[in-house]
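Asker: for reference, the sequence and a predicted model appear below.
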Amino acid sequence: MGQRPNHMDPDEFRRQGYKAVDWLADYMARLDDLPVKTPVEPGDVRAKLAVSAPKHGEEFSAVLADLDRVIVPGLTHWQAPGFFAYFPANASGPATLADLVSSGLGTQGMMWDTSPAVTELEQHVLDWLAVELDLPERFRGNGVIQDSASSSTLCAVLAARHRAGGIEALPTLVAYTSEQAHSSVIKGLRVAGIPDDRIRIIATTPEYAMRADHLAYEIVQDRKHGLTPFMVIATVGTTSTTAIDPVGELGWVAANFDAWLHVDAAFAGTASLCPEMRFLNAGLESADSYVFNPHKWMLTNLDCSAFFVADRASLNNALSITPEYLHNPASEAGTVVDYRDWQVPLGRRFRALKLWFVIRHYGVEGLRAHIRRHLAWAAELTDWVKADDRFELVAPTVVSLVSFRHAGGDTATRRVLDTVNQSGRAYLTATTLNGQPTLRVAIGGTRTERHHVEELWSLIQSAA
C-alpha cells in the first residue's frame, strides 16, 4: 500500500500541543515589545519560504521555529496593546482554547442532524445575547452566527430580495443606505444583483447620521418611476465616526413602503451589554434584521458575527435548497433549526463554542467591565484632544472611537499618522470626512490599558 501518512497519535498531539500552547503564551507575553505594524516590504515573507513544498514531513519543532523566523516579523499585531487601527479584533484565552477544541472536534454543523449540540448551543448562546443586549423580542429565537457582518448583511439583502419578489422582481428593486455605511453594504447589494444605479446614497446630518427626510424623498421619487424600494440599510456606529442613524425614523419610512430595514451595529452593538448604553438600541423594534460582531469587542476570536432576523421565513426560503442527500427525519418533521438555510455556504464550523467559553469565563459583568474601561479612556482622550488647540474633533465620541484631525491641515494630519505608525509603538488608521483626512483612534484591544492610551497621546503630541 506504500507509505502511511504520518498522523499524530493522541500522545504525540499532546506533546506537540503543549509546545504550541507554550509558544502562543510566550507570544502573548511579548506583544508589548513587538512593533505593532510590520515594517516588511512586499515579497519579504515569501523570500524566506522554501521554494518548493517538502517531499517528506518535517519535525514539528522546525515548523514552530519558522513561526518566529518567518511569520511573526511579517505580522501586524492586532492583539498588541498599541493597536488602535480599524476596529479591534478581540482575542482572549477562553476563545482561543475554544477554537482549539472546535478544530479538534472537527464537526460539521450544517444541520441539526449532523451534530445536534452544534445547533442547539448556537441557538442558546444567541438567545443569551439577545437578552443581555436587550434586543427586541422579535429577534429572540431567531439568531445565527455568520463569519462576518459582511456575510450577515448579504444574507439580509437576499432575504429582503426574496420578500420583495425574488429574482423576477430584480429589475425594479432599489436599495438605500448612508454615505457613511460600510463598504460591505455596497458589495452585498452588488453580489445580490443590485446595480450601482439602483443603490441610493442618502445624505447625512452634520453628525454623519442618515437623514430620514432625504430617505423618504428618494423613495417617493423612485415609486413615481415605477421602481420598488425593497431595502434600507442603517448603521449604528459608522466606521469613520461611530455615528448612529435614527433607526426609529428610518424604520417608520421603510415600513410605510414595505421595505426591509437592516441595522449594522458591527462594532458598537457590543456596548449595549451595558444598560447605560442601551440608547444604541433605539428604534430596533422596527428593524427586520440586526448584526453585531462579538469578534470585534466582545473578547471572541475572529470569526463570530451575530445576526438576528425577525422574519426567518424570508431568509430560509431565499437560501434553502434541499437535495436528496440532505433529507433526514428531524428536518422533515420541522422540529429543528438547520442553519445551512440561514447562510450562503453549506458547511459550518462550531463557532458557538467560542461564545459559550467567553460568556462562561468572563460572565456578563466581566464583559461589561471590559467595555466600560474603553468607554472611559475614549472619553478621556476626547477631553485631551479638546484641550489641545493643535487638534480638532470632527465628530462626537459615541462609544470608544475618537475621530479628530490636526488643525494645521491635511499635511499635518498625515504627518501625525505616519509618525505614530512608524514608531512601532502604536498603529492608527485614517478616514476621509468632508474631503479631509481624519485620524481614528479605536480603543478596544483585549490587552490595552490606560497607560497605552496615554503613550499614544504622547506620540501624537510629539508628532504634531
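Answerer: Arrived safely. None of these values were measured; they are calculated from a predicted model. Numbers count the residues shown, from 1 in each chain.
Asker: export the helix or strand in which residue 330 is found as PDB, just CAs?
Answerer: Taking DSSP states H and E as the definition, residue 330 sits inside helix 329-333. Output of helix 329-333 as PDB, limited to C-alpha atoms (Å, rounded to 0.1, in the frame of the first residue of the first chain):
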ATOM      1  CA  PRO A 329     -36.300  12.700   9.700                       C
ATOM      2  CA  ALA A 330     -35.600  15.700  12.100                       C
ATOM      3  CA  SER A 331     -35.600  18.200   9.300                       C
ATOM      4  CA  GLU A 332     -38.600  16.700   7.600                       C
ATOM      5  CA  ALA A 333     -40.500  16.900  10.900                       C
END
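Asker: specify the local secondary structure of residue 316.
Answerer: Secondary structure, DSSP: H, G, I helix; E, B strand; the rest coil: residue 316 is helix.
Asker: that older thread, what's the mean pLDDT across the helix holding residue 330?
Answerer: Averaging pLDDT along helix 329-333 yields 90.
Asker: got the buried residues for the following helix or strand past it?
Answerer: Downstream of helix 329-333, the next assigned helix or strand under DSSP H and E is helix 352-387. Buried residues in helix 352-387, defined by neighbour count with 16 or more other C-beta atoms under 10 Å: 352-359, 361-362, 367-368, 370-375, 377-378, 380-382, 384-385. In short, each C-beta sits where N, CA and C put it, glycine included.
Asker: repeat for stretch 126-141
Answerer: Buried, per 16+ other C-beta under 10 Å, within stretch 126-141: 126-127, 129-130, 133, 135-136, 138-139.
Asker: how about those in a markdown table, adding distance to residue 339?
Answerer: Converted to a markdown table, these look like this (distance: C-beta to C-beta, whole Å):
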| residue | distance to residue 339 |
| --- | --- |
| 126 | 11 |
| 127 | 14 |
| 129 | 16 |
| 130 | 16 |
| 133 | 20 |
| 135 | 19 |
| 136 | 21 |
| 138 | 19 |
| 139 | 16 |
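Asker: which of the residues you listed lies closest to residue 255?
Answerer: residue 138 (13.2 Å; C-beta to C-beta).
Asker: roughly how far apart are the nearest residue to the closest one once chain neighbours are set aside and residue 160?
Answerer: With C-beta to C-beta, 6 or more residues apart in numbering as the criterion, residue 138 has its nearest non-adjacent residue at 4.3 Å, and that residue is residue 310. Distance, residue 310 to residue 160, using C-beta to C-beta, to the nearest Å: 12 Å.
Asker: find residues that contact each of those two.
Answerer: residue 288 (C-beta atoms under 8 Å, 6 or more residues apart in numbering).
Asker: secondary structure element for residue 392?
Answerer: strand 391-393.
Asker: strands paired with that strand, and their directions?
Answerer: Within its sheet, and counting by DSSP bridges, strand 391-393 is paired with strand 401-406 (antiparallel).
Asker: just the C-alphas of the strand it pairs with, formatted as PDB.
Answerer: Only the C-alpha atoms of strand 401-406 are listed here, as PDB (Å, rounded to 0.1, in the frame of the first residue of the first chain):
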ATOM      1  CA  LEU A 401     -13.800  55.700  18.700                       C
ATOM      2  CA  VAL A 402     -12.200  59.200  18.800                       C
ATOM      3  CA  SER A 403     -12.100  60.900  15.400                       C
ATOM      4  CA  PHE A 404     -10.000  64.100  15.100                       C
ATOM      5  CA  ARG A 405      -7.600  65.900  12.800                       C
ATOM      6  CA  HIS A 406      -4.700  68.300  13.100                       C
END
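Asker: off-centre distance for the strand holding residue 392?
Answerer: 27 Å (C-alpha atoms, centre = their mean, to the nearest Å).
Asker: show me the contact partners of stretch 7-19.
Answerer: 60-61, 64.
Asker: buried sites along stretch 106-124?
Answerer: Those would be 107, 109-115, 118-119, 121-123, for stretch 106-124 by 16+ other C-beta under 10 Å.
Asker: repeat for stretch 443-455
Answerer: Going by 16+ other C-beta under 10 Å, stretch 443-455 has these buried residues: 443-448, 452-453, 455.
Asker: repeat for stretch 91-102
Answerer: Result for stretch 91-102 [16+ other C-beta under 10 Å]: buried residues 91-92, 94-99, 102.
Asker: contacting residues for the spatially most central residue of the chain?
Answerer: Closest to where the C-alpha atoms of the chain average out (C-alpha atoms, centre = their mean) is residue 293, at 4.2 Å. Going by C-beta under 8 Å, 6+ apart, residue 293 touches 148-149, 266-267, 269-270, 304-306.
Asker: likewise for residue 182?
Answerer: 149-150, 153, 235, 238-239, 264, 266.
Asker: show me where the stretch 151-300 of the chain has its strands.
Answerer: 173-178, 199-202, 228-235, 260-264, 289-292 (DSSP state E, counting those that start in this stretch).
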